[in-house]
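Chemist: turn this into a structure:
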Amino acid sequence: MVKRQLAERALMKALSTSGDFAELFFEDRLNNSITLQGGKVEVANTGRLHGVGVRVFKGTRSVYAYTNDFEEAGLLACAAQAASALKESERTGAPVIRLIGSVAANLHPVERLPGDVAGAWRVDRLRAADAVMKSVSSEITQTICRYADSDQRVVIANSDGLFIGDRRVYTRVTLSAVASDGTENQSGVSSPGAMGGAEFVERLDVEAHARKAANMAATMLHARQCPAGVSPVVIDGGFGGVIFHEACGHSLEATSVARGLSEFSGRIGQKIASDIVTAIDDGTMPGEWGSINIDDEGTPTNRLVLIENGVLRGYMIDRLNARRMGNASVTGSSRREGYTYAPTSRMRNTFIAPGSDDNDEMIRTMGDGLYAKTMGGGSVNPTTGEFNFAVMEGYLVKDGRIAEPVRGASLIGRGSEILLKIDRVGREMTMAQGVCGSVSGSVPTNVGQPMIRVSSLTVGGR
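Modeler: The predicted structure follows:
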């Protein structure tokens, strides 16, 4: 993608003023997507992203510039622009940089690359899912099926001598169904994805995911409005983990911790959760949607324990925020959407680890409350941890039994409070796929947990 000698010259140009560290991020990515709506192909797109980002540090100051010009003149001009943005004069005797090439360990081998798969093969899988969704109920009035994949090659070089490349392949299928009675509409969705190629879809039970989306829509169409109040809440596994991701995970990223903008800043070693809660961010899980081989600063991925038996053990830390935190250790957590974004600390596969409790017992002993089977989106303030999340599929629990479906429910609270109120953690952890947005753009992340129970939580509704 880029010759080592050119990268060396660009890094030296980036340090031609007063910078003390420089980094290059080269990217070449092919994206494909096909959307089937109502059984017909409505969209078929192929696109390419190709460019390089240049970042320069001076202490805790950071400058970022980017270009899609890989030629020597264009790259050196971009590096000079980044250097000049520090508003310092030219230095004499800029450091001589010698890059040492290395190869990232491939933890996520791909069997069938996106370029090896015909568009007709993708369409056939979508049509099979579409037929299943329509067969679930006559009330399913709209279906949307999408197949998306990307093949990203990156090279990362920096003034410490790093010169490393990586290849990341992602594949995802999104199945959406809308149920209508002529007056109201309700939707359901299932969006499995992986760090892998077409082999992921070959082995995927697409029909099961199609039925899940359609059944959710049809069930919620006939559900009554959820009553508001404070009650115990059982949150299922998979996408239920979005609660931890949003309400707590973002507050454990150095993006907010380093500036003291997190409710968990300066609390390493302190108890912040129930004794039965252990939370992990792991980029090494083979083939998972949020996995990586190296992060976007070239640091190898790892398994990072954030909370252990209720005690805060670590943060997710990138290179710049490590400086802000007094040269803390980086954790392989630096990510970005692409070359037009500077990286920062981000989650990968983030989950509450399995516990020892029985799922049936959680509901049987909770009295009256809410069972949140499928979570939706929401919002959170990382500084305070206050959150508000929609429940896509929920059920009232009466005297320890699941009684009836309800819609319009939301979960409202504060991250630090919900962690301490978890009184049950199930034995089987499952994950679900999402796209997380932050200051470095949108990146694929997994959220996950076993079924958990929160002893008391505010439920929004009617």
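Chemist: just grab the bridge partners of L30 for me.
Modeler: R48, D151 (DSSP bridges).
Chemist: so it sits against L113, correct?
Modeler: No: with contact defined as CB atoms under 8 Å, L30 does not count as touching L113 (9.7 Å). For the C-beta atoms, the positions are set from N, CA and C on the backbone; glycine is no exception.
Chemist: what's the overlap in contacts for the two?
Modeler: The contact sets of L30 and L113 overlap at D151 (CB atoms under 8 Å, 6 or more residues apart in numbering).
Chemist: neighbour count winner among these two?
Modeler: L30 (18 against 15; other CB atoms under 10 Å).
Chemist: look at M285 and report its pLDDT.
Modeler: Reading off the confidence values, M285 has pLDDT 97.
Chemist: skipping adjacent residues, who's closest to S379 in space?
Modeler: Excluding the flanking residues, the one nearest S379 by CB to CB, 6 or more residues apart in numbering is N388, at 5.7 Å.
Chemist: for whatever helix or strand the one you found lives in, enumerate the helices and strands it packs against.
Modeler: Assigned by DSSP states H and E, N388 falls within strand 386-398. Applying 3 or more CB pairs under 8 Å, 6 or more residues apart in numbering; DSSP states H and E, we find strand 386-398 packed against strand 185-190, helix 206-221, helix 242-244, strand 369-381, strand 401-407, strand 410-414.
Chemist: what lines up beside that strand in the sheet?
Modeler: Short version: by DSSP bridges, strand 386-398 pairs with strand 369-381 (antiparallel), strand 401-407 (antiparallel), strand 410-414 (antiparallel).
Chemist: so which of those gets nearest R61?
Modeler: Among the strands paired with strand 386-398, strand 369-381 comes nearest to R61, with 26.8 Å by CB to CB.
Chemist: quick one: contacts of that closest one?
Modeler: 216, 226, 231-236, 238-240, 242-243, 246-247, 250, 363, 386-397, 402, 406, 409-411, 415, 459.
Chemist: kindly report the same for stretch 251-271.
Modeler: 248, 250, 272, 306, 310-318, 321-322, 324-325, 328, 333, 344-347, 382-385, 415-416, 438-439.
Chemist: what residues sit buried inside that stretch?
Modeler: Residues of stretch 251-271 classed as buried under the neighbour-count rule (16 or more other CB atoms under 10 Å) are 251-258, 262-265, 267.
Chemist: what sits closest to T331 if chain neighbours are left out?
Modeler: T331 sits nearest to I317 (CB to CB, 6+ apart), 4.8 Å away.
Chemist: and the one you found, how many neighbours?
Modeler: Residues near I317, counting by other CB under 10 Å: 27.
Chemist: now swap in E111 and tell me
Modeler: E111: 13 neighbours (other CB under 10 Å).
Chemist: look up how far R424 lies from the spatially closest residue to it that is not a sequence neighbour.
Modeler: Computed as CB to CB, 6+ apart, the closest residue to E111 that is not its neighbour in sequence is E199, at 4.1 Å. Using CB to CB, to the nearest Å, E199 is found at 36 Å from R424.
Chemist: looking at those two, which is more packed in?
Modeler: R424 (24 against 17).
Chemist: ok but the more buried one is inside a strand, no?
Modeler: Yes: when DSSP: H, G, I helix; E, B strand; the rest coil is applied, R424 is found to be in a strand.
Chemist: is it bridged to anything, and to what?
Modeler: R453.
Chemist: give the contact list for it.
Modeler: Taking CB under 8 Å, 6+ apart, one finds V234, I276, G355, D357, E361, M362, M451, I452, R453 in contact with R424.
Chemist: again, only using 10 Å
Modeler: Residues near R424 by CB atoms under 10 Å, 6 or more residues apart in numbering: 232, 234, 274, 276, 355-359, 361-363, 365-366, 450-455.
Chemist: now, of those, which are buried?
Modeler: Buried among those (16+ other CB under 10 Å): 232, 234, 274, 276, 355, 357, 359, 362-363, 366, 450-455.
Chemist: tell me where the stretch 251-400 of the chain has strands.
Modeler: Counting by DSSP state E, counting those that start in this stretch, the stretch 251-400 of the chain has strands at residues 279-282, 303-308, 311-312, 334-335, 344-345, 349-352, 369-381, 386-398.
Chemist: partners of the second one in the sheet?
Modeler: Paired with strand 303-308 in the same sheet, following DSSP bridges, are strand 279-282 (antiparallel), strand 311-312 (antiparallel).
Chemist: domains in the protein, as residue ranges please.
Modeler: 4-34+45-103, 114-152+167-221, 229-460 (automatic domain parsing).
Chemist: D160: which of the ones you listed is closest?
Modeler: domain 4-34+45-103 (7.4 Å).
Chemist: what about that closest one, start to end distance?
Modeler: Start to finish, the residues bounding domain 4-34+45-103 are 14 Å apart (CA to CA, to the nearest Å).
Chemist: hang on, S16 packs against A85?
Modeler: No: shown here, S16 and A85 do not form a contact pair, counting by CB atoms under 10 Å, at 11.9 Å.
Chemist: just want to know which of the two has more residues nearby.
Modeler: S16 (22 against 16).
Chemist: which other helices and strands contact the helix of greatest length in the chain?
Modeler: Longest helix of the chain, by residue count under DSSP state H: helix 119-136. Judged by 3 or more CB pairs under 10 Å, 6 or more residues apart in numbering; DSSP states H and E, helix 119-136 is in contact with strand 21-37, strand 40-58, strand 140-158, strand 162-180, strand 185-190, helix 198-203, helix 206-221.
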